[in-house]
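Novice: below are the sequence and a predicted model; questions follow.
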Amino acid sequence: MDAIFNAIQISAKRIKKAIDVKDIGYSQQENSSGETQLELDIQCDMIIEEELSKIDSVHTVSSEEKEHAVKLHEDGKYFISYDPLDGSSLVDVNLSVGSIFGIYKGDFGSQNLVAACYVVYGPRVEMVFAHNKVKLYLLQAGDFEFVKEIRLGEKGKLMAPGGTQQNWEKYHKAMIDGFFAEGYRLRYSGGMVPDLHQILLKGGGLFSYPATSDKPEGKLRRLFEVFPFAFVYEKAGGEAIDGKQRVLDLGHANLHDTSPCFFGSHYEVQRVKEVYSNNA
Ligand code: P6P
């Protein structure tokens with residue numbers, strides 16, 4: 001696990017350099033979700049695969065930017081999924097973006113997740129690594145320095161409501177409006193990594209990307225985004241559900257499956273469960 005943590009740190013430093021110098025242009029290629037890839041997406045994907053390929057304990061990797069998984073070492077025991085640069089289209093408006101990693105043992109799948117990690121490329125570069133605990137690191141003078149352990153409170157103040165509002169279910173809209181009527185503050189940038197990082201560091205709240213009429217299975221990808229953040233939130237004392245059940249009790253049929261998702265502290269997630277059990 002240390003070798004994987006170290007490889008992620010090296011990848012993050014290389015990606016930060018790529019973000020700072022890489023001209024932002026679109027390639028002629030699309031990823032598995034039909035999104036046109038930035039040259040930067042492709043470069044960040046290559047960086048991570050290159051660094052993980054040096055580790056004998058890594059059996060297979062799967063990238064959001066690639067249709068199929070890539071086998072690296074027959075005798076390896078870890079299967080790593082990653083989104084190399086989530087929210088990459090935000091780079092050209094100078095908003096924060098991130099890399100997300102799910103570390104699975106024996107095979108991909110929510111039941112096999114043993115660690116998760118994400119990196120935020122913002123005014124500072126920070127990394128959160130969740131194994132037994134959730135630990136925050138800050139890139140300083142070329143090294144990631146441990147800062148603190150992260151814990152979520154019982155209830156928060158921030159609301160990050162994703163998805164196109166005109167396509168929300170009526171009961172979902174009423175639930176979100178109810179939170180704002182309680183004084184919650186809107187914090188949504190369109191980047192999953194900074195939006196979820198902010199709620200974690202500010203002690204709690206709710207990030208939601210629900211099923212919508214245009215995306216009935218949600219938008220965010222189970223293996224690359226939803227499972228890793230569910231692991232982080234649960235280890236930090238919060239919850240992650242699809243509206244009714246734990247995200248980490250979900251299976252997946254294909255590498256690029258998506259799921260509706262709600263991440264937050266107990267108070268807010270309990271409300272989601274009540275609303276969705278009465279309506280969905
Ligand atoms: P919308 C970025 O493209 C992303 O995958 C996540 O980082 C983010 O939470 C979501 O999509 C934003 O989607 O539909 O609100 O623009």
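Specialist: Received the coordinates, thanks.

Novice: looking at this protein, what residue ends up closest to the ligand?
Specialist: Nearest to the ligand, among the residues of the chain, is M192, at 3.2 Å (C-beta to the nearest ligand atom). Yep, even glycine has a C-beta here, placed from its N, CA and C like the rest.

Novice: what residues are up against that residue?
Specialist: M192 is in contact with 86-87, 98, 100, 162, 207, 209, 220, 225, 229, counting by C-beta atoms under 8 Å, 6 or more residues apart in numbering.

Novice: reformat those as CSV; add distance to the ligand.
Specialist: Formatted as CSV, these follow (distance: C-beta to the nearest ligand atom, whole Å):
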residue, distance to the ligand
D86, 5
G87, 4
G98, 8
I100, 9
G162, 5
F207, 8
Y209, 6
L220, 6
E225, 7
F229, 10
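
Novice: for D92, see how far away the residue of the chain closest to the ligand is.
Specialist: Using C-beta to C-beta, to the nearest Å, one gets 18 Å for the distance from M192 to D92.

Novice: so which helix or strand takes in K215?
Specialist: Element membership for K215, per DSSP states H and E: none, as it lies in no helix or strand.

Novice: er, L136 I mean
Specialist: Short version, using DSSP H and E: L136 is in strand 134-140.

Novice: the following helix or strand past that strand pairs with which strands?
Specialist: Scanning forward in sequence from strand 134-140 by DSSP H and E, the next helix or strand is strand 143-149. Using DSSP bridges, strand 143-149 pairs in its sheet with strand 134-140 (antiparallel).

Novice: so P123 sits in a strand?
Specialist: No - secondary structure of P123 (DSSP: H, G, I helix; E, B strand; the rest coil): coil, not part of a strand.

Novice: can you tell me which residues contact the residue nearest to it when sequence neighbours are not counted?
Specialist: Nearest non-adjacent residue to P123, counting by C-beta to C-beta, 6 or more residues apart in numbering: S96, 7.8 Å away. The contact partners of S96, by C-beta under 8 Å, 6+ apart, come to 87, 90, 120-123, 189, 191, 193-194.

Novice: how about 10 Å then?
Specialist: 87, 90, 120-126, 189, 191, 193-195, 197-198 (C-beta atoms under 10 Å, 6 or more residues apart in numbering).

Novice: could you do H59 as well?
Specialist: 69, 71-80, 104-107.

Novice: immediately after the least confident helix or strand in the chain by mean pLDDT, which helix or strand?
Specialist: Among the helical and strand segments of the chain, the one scoring lowest on mean pLDDT, DSSP states H and E is strand 36-38, with a mean of 70. Sequence-wise, the next helix or strand downstream of strand 36-38 (DSSP H and E) is helix 39-52.

Novice: what lines up beside the very next helix or strand once past that following helix in the sheet?
Specialist: Following helix 39-52 in sequence order, the next helix or strand is strand 58-63 (DSSP H and E). Sheet pairing of strand 58-63 (DSSP bridges) gives strand 70-71 (antiparallel), strand 78-86 (parallel).

Novice: quick one: contacts for the most centrally placed residue in the chain?
Specialist: Nearest to the mean C-alpha position of the chain, by C-alpha atoms, centre = their mean, lies E225 at 3.7 Å. By C-beta under 10 Å, 6+ apart, the contact set of E225 is 64, 81-83, 86, 98, 100, 102, 118, 192-193, 196, 209, 219, 258-259, 261.

Novice: now do 8 Å
Specialist: 64, 83, 86, 100, 192.

Novice: now, which of the residues you listed sits nearest G153?
Specialist: Ranked by distance to G153 (C-beta to C-beta), the contacts of E225 are led by M192 at 21.0 Å.

Novice: one step back: between the strands paired with strand 58-63, which gets nearest to E51?
Specialist: Using C-beta to C-beta, the strands paired with strand 58-63 put strand 78-86 closest to E51, at 10.6 Å.
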